[in-house]
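Peer 1: Fold the following for me, if possible:
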Amino acid sequence: GCVSPAELEAHATSAGYDAFVRELCWRDFNHQLVAAYPGLPQFEMRPRGDRWKRDKVLLDAWVEGRTGYPIVDAAMRQLAAEGWMHNRLRMLTASFLTKCLGVDWRLGAAHFMRTLVDGDLVNNSAGWQWVAGTGTDTRPNRTHNPIRQAERFDPEGEYVRTWVPELSGVPGRAVHQPWKLEGRMGAPSAYPPRIIDHAAATRQFLEERTARS
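Peer 2: Okay, here's the model as predicted:
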């Protein structure tokens with residue numbers, strides 16, 4: 001059970017698994033962070049004060065996959081069903097909770113730790129702080145646009161339709177913005193409306209960050 005990171009890196013590099021090596025580096029970097037900042041799972045490296053919300057309605061909608069943003073909801077439903085989601089979806093859903101809904105990253109991190117089959121306190125906490133802009137990200141104002149991410153990585157909407165059956169009848173990339181179908185034939189009736197306008201929420205977030213800087 002004792003395999004060193006250097007041995008893993010050597011085997012992975014020789015086999016051409018560069019992406020795995022990068023993730024291995026992130027893992028060890030995060031452990032170094034916690035060694036230097038033991039309180040990282042609870043205390044912010046870049047304090048944001050008391051501006052975080054602890055809104056149960058918003059948190060529950062995110063946890064249950066009822067935000068009205070299909071790619072976010074699909075990811076959260078996969079997490080609930082399988083205890084896993086792709087790393088890009090972890091960043092996207094975390095960005096949505098913190099920078100769009102303004103909910104305290106610690107609440108999201110706690111849900112991930114309760115649900116992920118591969119949950120690791122160090123990497124989970126460091127990752128959430130990175131996304132929330134309170135950790136080591138050199139671009140703390142970075143946001144992930146759920147529509148752009150969905151159109152780039154799920155161009156035909158197959159992933160969304162797998163996990164959001166209410167949208168199974170919506171063809172192609174139209175599935176990523178179901179609100180645009182309102183009033184038209186084939187518009188989904190069972191899928192929840194958006195709990196927030198992402199573009200407006202992102203503008204507000206950036207304005208607040210600019211005002212504080």
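Peer 1: what about this structure, any weak spots by pLDDT?
Peer 2: Scanning the chain for pLDDT under 70 picks out the ranges 1, 49-50, 185-187, 210-213.
Peer 1: Strands of that one, start to end?
Peer 2: For the chain, applying DSSP state E gives no strands.
Peer 1: Next up, the contacts around the residue nearest to residue 108 when sequence neighbours are not counted.
Peer 2: Leaving aside its sequence neighbours, residue 108 sits nearest to residue 97 (Cβ to Cβ, 6 or more residues apart in numbering; 4.6 Å). In this view, the C-beta of every residue, glycine as well, is placed from N, C-alpha and C. Going by Cβ atoms under 8 Å, 6 or more residues apart in numbering, residue 97 touches 59, 62, 103, 105, 107-108.
Peer 1: contacting residues for the residue nearest to the spatial centre of the chain?
Peer 2: Most central in the chain under Cα atoms, centre = their mean is residue 93, positioned 2.5 Å from the mean C-alpha point. For residue 93, the contacting residues are 62, 72, 75-76, 79, 85, 108, by Cβ under 8 Å, 6+ apart.
Peer 1: buried residues in stretch 10-25?
Peer 2: The neighbour-count check on stretch 10-25 (16 or more other Cβ atoms under 10 Å) flags 12, 21, 24 as buried.
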